[in-house]
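Undergrad: Sequence and predicted structure below; questions after.
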Amino acid sequence: MSGKRSRPAAPGSGDGDAAAAGKKRLKREQRVEFSAALREPALKEKVALAWAHKEALSHDAIVLDPVPFPHCLIRNFIQSEDFLEGLQKELLCLDFHEKSNDLYKFKQSDDLKKRREPHIAALRKVLFEEFRAWLSDVVHVELEPTIDLSCAKYEYTDTLLCHDDELEGRRIAFILYLVPPWDESDGGTLDLFSTDDHLQPMQVVKSLVPSWNTLAFFEVSPVSFHQVAEVVSKGKCRLSVSGWFHGPSVARPAPSAELRLPLSPHIPHDHEILYDWINPIYLDMDSQAKIQEEFEERSEMLLKDFLKKEKFQLVCDALKKEDLRWSNRGPPNKRRYERADEESLPAVLRGCVELFHSEAMFLLLSNFTGLKLHFLAPEEDDDETGSEGEATAGMDPSQSSRGASSQEENGGRDRAQEHEGTSANQGDSKLGSRIPQCSSELRRWTRGCYTLVHDTQTTEFALDLMLFCGCEGWDADYGGFTSYIAKGEDEELLVVNPENNCLALVYRDRETLKFVKYINHYSLERTEASQEQTGFWDFCFVYYE
Ligand SMILES: O=C(O)CCC(=O)C(=O)O
Ligand SMILES: [Fe+2]
C-alpha cells in the first residue's frame, strides 16, 4: 500500500510553543551521544560503501543486510545506560492512545516533536542532528531536518501488519527499541518480506528480534514491506521510539491494479433448492416483504438460523473433515486467509455453494433486499404495491424456475409479466453487459488471518453475503469481525461479528470499504476450551446488479 494509511502519522504536532520553550527549564537539560564506534571515520566509510554496493556487513557495532531490502541494526545505539533508563521513564509517563484499524492495534504516544522532557528532547536532538548527519553521509542522501518521531507500545495481541511505510517525504525509517529481554517466541519481531516481480510482498524472510538499545533503520521504498508480528507474551511491553528521516522519495512505479475474483451469473436451479436448504421462515412471502422493508432502511440485515438445522450441521461436519484442500490467499499487504479449493469440496459443501449461486437464490436475495439481482425482480424505482399487497417483496421464488422459460409457469403473476417485458425492452444492455453476477469463496479464518483496506481496492455498489460456520464461543476480542468503514476514514460504519448459521447481508456503495480484523493470539484460548476447533469458516458471496 502506498502508505497514506501505512501507519498513523505522528499525532497532532501543532507549532508554536515557542513561548513555553523560552521559559526557564524546570528539569536539568540532558545531553547524549550515539555509538562512538559508529562515529569512527573508518567504520562509517565501510558502512557507506557497503550500503552503496548493497553488500552485507557485520561489525560489533552495526550489521547491514541488503536482503530482502537494505536495513541495518545498530547495537548499543545510545552510549549511556543511565540516560536510557531516564528516557524509558519519561516515555512511559506519556499519554498513550489505543490505535486500532485494519492494519494495526497498538498504543501510540503524543507526538514527540515538541515534548520538553529532558531525555526525550536530548534523544530528539541526537537523532535529528548528529545521527541524521551521519546517516546522510552513509546513505548518500541529503536527509532533511524534519522531525517525525513518536513512541509506541505493543502489548499482548498488538500488531502492525504488512505495510511499506511509503508516504510523501519519508526516506529512512528507524526504530529504537527499549524492550525487556526479548525472545522470538514473545512475538513482536520486525518481520521483513520478500517481494515478487510486481513488487508485491510474498513472505517473511527475516525476523529481527527487538532488543534494548538497538536501533533498526531501513530505506523506505516500494519494496520495504515489513510488519510487527503480534506480541504473544502476556505482560511484556515492547516499547520503542520510531520515526522517519525525510528526504527525496525513491521513485515508485504505478501500483498494478488487482484482478478481482471471477464473477459468474446465477446457475440454473429452481426453488426446490431453497426448500431443501433454507429455514422455511425465510421463504414466506410476508417475511420477505418485512425483511426487504428493513433492509431498504438499513442496508444491512442478519438472518439468524438461516439454514435448516440439519443442513447446517452437515455443512459444519464437512468443513471439519481433513480432506478439504485450502490454499493461502495473499498478498500479505492485502489479505491473509485460506480459501477452499472448489474441486476438493464434498457434495454437501458443493451443494451449499450452489445454493448461493442458484437462480432461485438470486431471486430470493432480490426479495430480501429490493435489489435487482434477477430479471424478475422489480425495478428499483418501481415501488407500486401489487393488488395482493405483497408486491414490495417482488417475486415468489417458488414461482420462478429457469430463467425465461419460467414465465409460462408464472402466467398468473402480473409483476413477473410486467418485468419480463421491461427487461426484454431494455434487451441487450440488461442481459448483455449487466447481467447480475456474483463472486464466491469458502474461507477459513484462523489466528493470523485478516484482510486490509488497500489503495488498489475497487469500491463499488455490491451486496455482500456471509454465512458463518463453526464460530460457537467466538469473542469479538479475537478479531475476525468484518468492519465497514467510509473511504478515507477510520470511522466504523458497521461491524459484522461471526455468528453460527447467521446470514449477514450488507449493501455497500462506492464510498464504503470493508476489512476483516486480524485474528489474534487470544483466539487460541477458545481452541483450548473447545478442543481442536480453530477459527471459523464463512461462505462469502458478493453480488452485483
Ligand atoms: O516497531 C517496529 O519494529 C516497526 C514499526 C513500524 O514498522 C512502523 O511504525 O511503521
Ligand atoms: Fe513501518
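TA: Structure's in. What do you need? Ligands and ions are numbered 1, 2, ... in the order given.
Undergrad: pLDDT value on the nearest residue to residue 440 once chain neighbours are set aside, please?
TA: Leaving aside its chain neighbours, residue 440 sits nearest to residue 541 (4.9 Å; criterion: Cβ to Cβ, 6 or more residues apart in numbering). Every C-beta, even on glycine, is put in place using the N, C-alpha and C of the backbone. On pLDDT, residue 541 comes in at 98.
Undergrad: secondary structure element for residue 541?
TA: strand 536-544 (DSSP states H and E).
Undergrad: Pull up the pairing partners for that strand, direction included.
TA: strand 437-445 (antiparallel), strand 462-469 (antiparallel) (DSSP bridges).
Undergrad: what mean pLDDT does the shortest one have?
TA: Averaging pLDDT along strand 462-469 gives 98.
Undergrad: Beyond that strand, next helix or strand please.
TA: Next along the chain from strand 462-469, counting by DSSP H and E, comes strand 482-486.
Undergrad: mind checking how far that next one is from the chain centre?
TA: 10 Å (Cα atoms, centre = their mean, to the nearest Å).
Undergrad: Show me the contact partners of that strand.
TA: Contact partners of strand 482-486, identified using Cβ atoms under 8 Å, 6 or more residues apart in numbering, comprise 101-102, 453, 464, 466, 491-496, 504, 506, 508, 511-517.
Undergrad: List the buried residues for the next helix or strand after that strand?
TA: Helices and strands here follow DSSP H and E; after strand 482-486, the next one along the chain is strand 492-496. By neighbour count on 16 or more other Cβ atoms under 10 Å, the buried set for strand 492-496 is 493-494, 496.
Undergrad: mean confidence score for the very next helix or strand once past strand 492-496?
TA: Once the chain leaves strand 492-496, the next helix or strand it forms, by DSSP H and E, is strand 503-508. The average pLDDT for strand 503-508 rounds to 97.
Undergrad: tell me the secondary structure for the closest residue to residue 117 other than its chain neighbours?
TA: Leaving aside its sequence neighbours, residue 117 sits nearest to residue 90 (Cβ to Cβ, 6+ apart; 4.2 Å). Three-state assignment for residue 90 (DSSP: H, G, I helix; E, B strand; the rest coil): helix.
Undergrad: contacting residues for residue 90?
TA: Contacts for residue 90 (Cβ under 8 Å, 6+ apart) come out as 117-120.
Undergrad: Also residue 269?
TA: Residue 269 sits in contact with 354-355, 357-361, where contact means Cβ under 8 Å, 6+ apart.
Undergrad: So which of those wins on neighbours?
TA: For these, the largest neighbour count, defined by other Cβ atoms under 10 Å, is 28 neighbours, found at residue 361.
Undergrad: Can you say which helix or strand has that one in it?
TA: Secondary structure assignment for residue 361, by DSSP H and E: helix 359-369.
Undergrad: tell me the most buried of the strands paired with strand 536-544?
TA: strand 462-469 (a mean of 22; mean count of other Cβ atoms under 10 Å).
Undergrad: re the thing from before, can I get the strands paired with strand 536-544 in TSV with distance to residue 289?
TA: Shown next, in TSV, are the strands paired with strand 536-544 (distance: least, Cβ to Cβ, whole Å):
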stretch	distance to residue 289
strand 437-445	23
strand 462-469	18
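Undergrad: Note down every partner strand of the helix or strand containing residue 176 and its orientation.
TA: Assigned by DSSP H and E, residue 176 falls within strand 170-177. With DSSP bridges as the test, strand 170-177 is paired with strand 214-219 (antiparallel), strand 238-246 (antiparallel).
Undergrad: Mind putting these into JSON lines with distance to residue 439, mean neighbour count and mean pLDDT?
TA: Rendered in JSON lines, the data for the strands paired with strand 170-177 read as follows (distance: least, Cβ to Cβ, whole Å; neighbours: other Cβ atoms under 10 Å; pLDDT from 0 to 100):
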{"stretch": "strand 214-219", "distance to residue 439": "37", "mean neighbour count": "22", "mean pLDDT": "98"}
{"stretch": "strand 238-246", "distance to residue 439": "38", "mean neighbour count": "23", "mean pLDDT": "98"}
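Undergrad: Nearest to ligand 1, out of these?
TA: Nearest to ligand 1 among those is strand 238-246 (4.9 Å), distances taken as Cβ to the nearest ligand atom.
Undergrad: Check which helices and strands the helix or strand just after that closest one sits against.
TA: Downstream of strand 238-246, the first helix or strand assigned by DSSP H and E is strand 264-265. Using 3 or more Cβ pairs under 8 Å, 6 or more residues apart in numbering; DSSP states H and E, the elements in contact with strand 264-265 are strand 437-445.
Undergrad: Go ahead and name everything in contact with the strand it packs on.
TA: So strand 437-445 is in contact with 260-266, 319, 326, 329, 337-340, 342, 345, 349, 353, 356-357, 362, 480, 498, 516, 519, 535-544, going by Cβ under 8 Å, 6+ apart.
Undergrad: what do you get if the cut-off is 7 Å, keeping everything else the same?
TA: The contact list for strand 437-445 (Cβ atoms under 7 Å, 6 or more residues apart in numbering) reads 261-265, 326, 337-340, 349, 353, 356-357, 480, 519, 535-544.
Undergrad: Skip ahead from it and say which helix or strand is next.
TA: Defined by DSSP H and E, the subsequent element after strand 437-445 is strand 450-451.
Undergrad: So what are the sheet partners of that next one and their directions?
TA: By DSSP bridges, strand 450-451 pairs with strand 335-340 (antiparallel).
Undergrad: Quick one: buried ones out of the contacts of strand 437-445?
TA: Buried among these (16+ other Cβ under 10 Å): 326, 337-340, 349, 353, 356-357, 480, 519, 535-544.
Undergrad: who are the neighbours in contact with whichever residue of the stretch 401-545 of the chain sits closest to ligand 1?
TA: At 14.2 Å from ligand 1, residue 452 is the closest residue in the stretch 401-545 of the chain, using Cβ to the nearest ligand atom. By Cβ under 7 Å, 6+ apart, the contact list for residue 452 reads 102-103, 161, 333-335, 515.
Undergrad: let's go with 8 Å and repeat that
TA: 1, 102-103, 161-162, 333-335, 515.
Undergrad: Let's see if you can find the most crowded of those residues.
TA: Highest neighbour count within these, by other Cβ under 10 Å: residue 103, with 25 neighbours.
Undergrad: Who does residue 175 form a beta bridge with?
TA: Applying DSSP bridges to residue 175 gives these bridge partners: residue 216, residue 242.
Undergrad: wait, doesn't it sit right on residue 244?
TA: No. Residue 175 lies out of contact with residue 244 (Cβ atoms under 8 Å); the separation is 10.2 Å.
Undergrad: Helices of the stretch 301-450 of the chain, residue ranges please.
TA: Ranges of helices in the stretch 301-450 of the chain, per DSSP state H, counting those that start in this stretch, are 309-320, 347-357, 359-369, 406-409, 414-431.
Undergrad: which bits of this structure sit near ligand 1?
TA: For the chain, the residues in contact with ligand 1 (Cβ under 6 Å from any ligand atom) are 7, 160, 165, 175, 190, 226, 228, 240, 242.
Undergrad: rerun at 5 Å
TA: The chain comes close to ligand 1 at residues 7, 175, 190, 228, 240, as judged by Cβ under 5 Å from any ligand atom.
Undergrad: number of nearby residues for the closest residue to the third one other than its chain neighbours?
TA: If the residues on either side of it in the chain are set aside, residue 190 comes closest to residue 208, at 4.3 Å by Cβ to Cβ, 6+ apart. For residue 208, the count of nearby residues is 20 (other Cβ under 10 Å).
Undergrad: again with residue 36
TA: Neighbourhood size, residue 36 [other Cβ under 10 Å]: 10.
Undergrad: Perfect, I'm done here.
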